[in-house]
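Chemist: need a 3D model of the following:
(one chain, ligands or ions: 1)
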Amino acid sequence: TTRIERHHYDVVVIGAGGAGLRAAIEARLAGKKTAIISKSLFGKAHTVMAEGGAAAAMGNVNSRDNWMVHFGDTMRGGKFLNNFRMAELHAKEAPERIWELETYGALFDRTKDGKISQRNFGGHEYPRLAHVGDRTGLELIRTLQQKIVSLQQEDFAETGSYDSRIRVFAETTITELLLDGNRVAGAFGYYRESGEFILLEAPAVVLATGGVGRSYKVTSNSWEYTGDGHALALRAGATLINMEFLQFHPTGMVWPPSVKGILVTESVRGDGGVLRNSDGKRFMFDYVPDVFRHQYAETEEEADRWYTDPDNNRRPPELLPRDEVARAINSEVKAGRGTKSGGVFLDVSTRMPAETITRRLPSMYHQFKELADVDITKEPMEVGPTCHYVMGGVEVDPDSGAAFGSVEGLFAAGEVSGGMHGSNRLGGNSLSDLLVFGKRAGEHAAAYTDALPKRPKVATSDVEQAVDTALAPLSRENGENPYTLQQDLQAVMGDLVGIIRREGELTDALKRLQELKLRVANVGAVGGRRYNPGWHLALDLRNMLVVSECTAKAALEREESRGGHTREDFPKMSPEWRKLNLVCSLDDNGDVHLDRKPVPTMRDELLRLFKRTELSKYLTDEELAKFDAIAT
Ligand code: FAD
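Modeler: Numbers count the residues shown, from 1 in each chain. As a prediction, the model looks like this:
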């Protein structure tokens, strides 16, 4: 029989990014024995890579800012498809979560009078991103880890063991959730280094596994992001929403090929960087859509004045929401006005002194110097769109983070959850999302375990099944190579389910995904269980595949263009489609199903925060009539 290390916890948090760590802290503070699992090294999560900052309406730089303005910007950015309640909680609670981080030891950059400084970002009406240079995520992760260590020290003083109430399992991948009836009973996985199996029995699991970007050819995401949490949720009976909405960040590196996709932070534009095509033209002025027309400058002079006098000028169009900028770059390149490597120019060198560039954008300066031998204080960068973030995710109750569907005891927070960002996320709204909803998920997971009449049990047969599934690729003779399969999948998703989508290509993509599904069922890995990346990828592939199928199916179904979903054959936003979420689930045969479900309707007092002229661009006539009735 196969050896399996067994543990018992109250709450298991899968993922050690910002959402996972914040959830774990809260569960531990509620007195729960908590485990944190992380696929890579502790501290290495996407959160650490976040550069620009965390959005919170503290009003430190412009006192006109408040939660209502932040809420409005978030809904606008998401094109009104957001779960309004999540956007409301996020806008209201983000400032408190940022302050709290300082009590854990974080130190954000300061204004002259000593307040937390805030910077401009696309789609945010006022300077709103609390930041630490361009390394904000690092400070966030560092502080949350420090808080965990301090809690472990308290536990040591009391129990003699650092691990007695909170333990980190690093370089450990969860492959299955185990259920007792419809209740979560535990999580099963393996240590990446030894290949040994581990079973964590627990009545509550918080998914905080981040994104899905590795299914795409060009992406800012690193190797861990194979949609594991999305797939675990589906297989446990939970549902995913909005999977057609992927954010292609407008500015990834395009050269050299080995670093294609690596992110160039939006702070470059927030701090004054401009986009130019190969004719030297600042082309973004030609791409301001009607819904945003009144908020954006029409001339370069006005745009430039905005940096020093934002109250009397409108913002530069380089700071439109990301989906708009990504599509604009795509169009310029397609029209033959791109750079040799297929991007456009992003320039700070002519916009600010070298000293300012190296002080405000130190990571970008080093990134380009080291990876591309480009000195951004002297020459422009070359950039193009890169798959960056998934708006879609586990369908959750907004207040508690509890997953919808048939499963109980499953919670989700951070990028793996869906709803908060609608069809497009604003930059900076992720770091704050992690803190707000990480805390909530940890709190409610703890409360859930308190309310349970008895602890769910893990069935031996389920564990045996999990072991068999995990070992299968190692025992297959002549199995398919996992790296070839990953490349093929990335080509399908990148070429046929990318930034601009068409019915024919999406149908083709679904056909190819079916073929890939059969091939993935026959994936093989050579070698044994000790540190074997080929085996690890073989296991990740089934997750990537099911999640990609949800994305392709939903992208085919949604016949409109909105945020991170652009259909060439349906180029307009449709008020009817705005009322619908596409919900993905798995049936007993493991086949993907798609259902339409109404987007929750906003409460009257929130709806009143918007002007009728703005709402008329998004709502149906019937909805507008209702608005007129409550507005008077
Ligand atoms: P992550 O931080 O992605 O962590 C996921 C965790 O889950 C990791 O620990 C991983 O190892 C673990 N995991 C995954 N699968 C498994 C499994 N099967 N078993 C065990 N563990 C698993 N957002 C902003 O708001 N502002 C920014 O400035 C910003 N800049 C960014 C820059 C880059 C380069 C990138 C890639 C993203 C950026 N984002 C930014 C987005 C933001 O960083 C992410 O959306 C956010 O950090 C996600 O946090 P999370 O806690 O949900 O998950």
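
Chemist: and for residue 153, the neighbour number?
Modeler: Residue 153 has 11 neighbouring residues, counting by other Cβ atoms under 10 Å. To be clear about C-beta, it is placed using only N, CA and C from the backbone, and glycine gets the same treatment.

Chemist: and what of residue 471?
Modeler: Neighbour tally, residue 471, other Cβ under 10 Å: 17.

Chemist: with residue 290 instead?
Modeler: Residue 290 has 7 neighbours, counted by other Cβ under 10 Å.

Chemist: with residue 334 instead?
Modeler: Residue 334 has 11 neighbours, counted by other Cβ under 10 Å.

Chemist: is it true that residue 538 touches residue 525?
Modeler: Yes. Assessed by Cβ atoms under 8 Å, residue 538 is found in contact with residue 525 at 4.7 Å.

Chemist: common neighbours of these two, please.
Modeler: Each of 473, 479, 482 lies in contact with both residue 538 and residue 525 under the rule Cβ atoms under 8 Å, 6 or more residues apart in numbering.

Chemist: got a list of what residue 523 touches?
Modeler: Residues counted as contacts of residue 523 (Cβ under 8 Å, 6+ apart) are 473, 476, 479-482, 485, 538, 541.

Chemist: strands - which of those residues land there?
Modeler: Using DSSP state E, no member of those falls within strands.

Chemist: now do the SS call for the spatially most central residue of the chain.
Modeler: With distances taken as Cα atoms, centre = their mean, residue 415 lies nearest the centre of the chain, 3.5 Å away. Using DSSP: H, G, I helix; E, B strand; the rest coil, the secondary structure recorded for residue 415 is helix.

Chemist: now do it against residue 532, distance only.
Modeler: Residue 415 sits 27 Å away from residue 532 when distances are taken as Cβ to Cβ, to the nearest Å.

Chemist: out of the contacts of residue 523, who's nearest the ligand?
Modeler: Distances from the ligand to these, taken as Cβ to the nearest ligand atom, are shortest for residue 541 (12.7 Å).

Chemist: do I have it right that that closest one meets residue 485?
Modeler: Yes. Between residue 541 and residue 485 there is a contact at 5.7 Å, judged by Cβ under 8 Å.

Chemist: which residues do these two both contact?
Modeler: By the contact definition Cβ under 8 Å, 6+ apart, residue 541 and residue 485 are jointly contacted by 520, 523.

Chemist: more crowded one of the two?
Modeler: Ranked by neighbour count (other Cβ under 10 Å), residue 541 and residue 485 place residue 541 first, with 25 against 21.

Chemist: which residues of the stretch 201-350 of the chain fall in strands?
Modeler: In the stretch 201-350 of the chain, the strands defined using DSSP state E, counting those that start in this stretch lie at 204-207, 240-241, 246-253, 274-276, 344-347.

Chemist: what's the distance between the nearest residue to residue 423 once chain neighbours are set aside and residue 393?
Modeler: Using Cβ to Cβ, 6 or more residues apart in numbering and skipping residues adjacent in sequence, the residue nearest residue 423 is residue 563, 2.7 Å away. Separation of residue 563 from residue 393 (Cβ to Cβ) stands at 14 Å.

Chemist: so the residue nearest to the centre of the chain touches residue 211, yeah?
Modeler: Yes. Using Cβ under 8 Å, residue 415 is in contact with residue 211, at 4.8 Å.

Chemist: what's the overlap in contacts for the two?
Modeler: 46, 389-390.

Chemist: buried subset of these?
Modeler: Burial by neighbour count, 16 or more other Cβ atoms under 10 Å: within those this picks out 46, 389-390.

Chemist: now go through those residues and say which are in strands.
Modeler: Per DSSP E, these map to strands at 389-390.

Chemist: so which of the buried ones among the shared contacts of residue 415 and residue 211 reach the ligand?
Modeler: Counting by Cβ under 6 Å from any ligand atom, 46, 389 from those sit close to the ligand.

Chemist: residue ranges with poor pLDDT in the stretch 201-350 of the chain?
Modeler: For the stretch 201-350 of the chain, applying pLDDT under 70 flags no range at all.

Chemist: up against the ligand, what does it have?
Modeler: So the stretch 201-350 of the chain meets the ligand at 208-210, 220-221, 224, 228, 263 (Cβ under 6 Å from any ligand atom).

Chemist: any chance of those residues in JSON lines, plus neighbour count?
Modeler: As requested, these are exported to JSON lines (neighbours: other Cβ atoms under 10 Å):
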{"residue": "208", "neighbour count": "36"}
{"residue": "209", "neighbour count": "35"}
{"residue": "210", "neighbour count": "33"}
{"residue": "220", "neighbour count": "24"}
{"residue": "221", "neighbour count": "24"}
{"residue": "224", "neighbour count": "22"}
{"residue": "228", "neighbour count": "27"}
{"residue": "263", "neighbour count": "22"}
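
Chemist: and the pLDDT for residue 153?
Modeler: For residue 153, the pLDDT comes out at 98.

Chemist: and if you look at residue 583?
Modeler: Looking at residue 583, its pLDDT reads 98.

Chemist: isn't it up against residue 595?
Modeler: Yes. Using Cβ under 8 Å, residue 583 is in contact with residue 595, at 4.6 Å.

Chemist: distance check, residue 205 against the ligand.
Modeler: 11 Å (Cβ to the nearest ligand atom, to the nearest Å).

Chemist: just to revisit the earlier point, same drill for residue 563 and residue 393, tell me which one is more crowded.
Modeler: For residue 563 versus residue 393, the count of surrounding residues by other Cβ under 10 Å is larger for residue 393: 31 against 27.

Chemist: what's the spacing between the more buried one and residue 624?
Modeler: Relative to residue 624, and taking Cβ to Cβ, residue 393 is found at 30 Å.

Chemist: ranking by neighbours, what's the top pick from the shared contacts of residue 538 and residue 525?
Modeler: With neighbours defined as other Cβ under 10 Å, the most crowded of the shared contacts of residue 538 and residue 525 is residue 473; it has 25 neighbours.

Chemist: residues touching the residue in the stretch 201-350 of the chain that the ligand sits nearest to, list them.
Modeler: The minimum distance from the stretch 201-350 of the chain to the ligand, using Cβ to the nearest ligand atom, falls at residue 210 (2.5 Å). By Cβ under 8 Å, 6+ apart, residue 210 lies in contact with 15, 17, 45-46, 224-225, 229, 414-416.

Chemist: what do you get if the cut-off is 6 Å, keeping everything else the same?
Modeler: 17, 46, 225, 415 (Cβ atoms under 6 Å, 6 or more residues apart in numbering).

Chemist: you'd agree the third one is up against residue 216?
Modeler: In this case it means residue 225. No. Using Cβ atoms under 6 Å, residue 225 and residue 216 do not qualify as a contacting pair, with a distance of 9.9 Å.
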